[in-house]
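In: Requesting a structural model of the entry that follows:
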Amino acid sequence: MTALLGDAMAALTAAFQASAALTGVTITQGDAPSAAGDPEFVVVGHDGSLAADGSLAEFTVSGSFTTDFVTSGSPPGQLETGRVNVVAVAQSGDATALAGRITRAQELLAACDAACTDVTSGTIVFDSAGSGRLVTRQASAGCAAILAFVITYSGPW
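Out: Numbering: from 1, shown residues only. Here you go, the predicted model:
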């Protein structure tokens, strides 16, 4: 058995990095960039969980998958469906800029959604961005909009 989740994460990361709408935005796979150095970033393979200090958690769920045996077709085979967790963060040192950061996080989500529907990675097919949640942080040091969402995929193997 070979899961496609890692391939799906790599394909999404590459698609986001190649997206004109995400130019200038730090895109990583699994690693959360430094808050001080990156006012806007997208992490593929992070569910938006927060650490006690309000930063993105170090350990998180990257995604999930299931496989089903498909008896139709020749030859029969396996079909994997999965979910890749993604988080988009827009932050500022200005504590009064929260509304603008929320708007920007939504723009990052829209850009990721557009990029994922254009991905062609072997036999993996991606759906539009699905369920998500928005968490905001606001303190004297600044504010952040943290928008976590899921992108589903399917593919035979």
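
In: Check whether the residue nearest the centre of the chain sits in a helix, strand or coil.
Out: Centroid check for the chain by Cα atoms, centre = their mean gives V86 as the closest residue, at 1.8 Å. Here V86 is recorded as strand under DSSP: H, G, I helix; E, B strand; the rest coil.

In: so what pLDDT did it get?
Out: pLDDT, V86: 97.

In: What separation do you get for it and L109?
Out: V86 sits 9 Å away from L109, going by Cβ to Cβ, to the nearest Å. Any C-beta I mention is one placed from the backbone N, CA and C, and that applies to glycine too.

In: Quick check: the residue nearest to the centre of the chain touching T60?
Out: No - at 11.3 Å, V86 and T60 do not qualify as touching, with contact defined as Cβ atoms under 8 Å.

In: which residues do the two both contact?
Out: Common neighbours of V86 and T60, counting by Cβ atoms under 8 Å, 6 or more residues apart in numbering, are G45, H46.

In: So for V86 and L109, which residues contact both of them?
Out: A129, F149.

In: In which helix or strand does the closest residue to S154 other than its chain neighbours reside?
Out: The shortest distance from S154 to any non-neighbouring residue, by Cβ to Cβ, 6 or more residues apart in numbering, is to T81 (4.6 Å). Element membership for T81 (DSSP states H and E) is strand 77-92.
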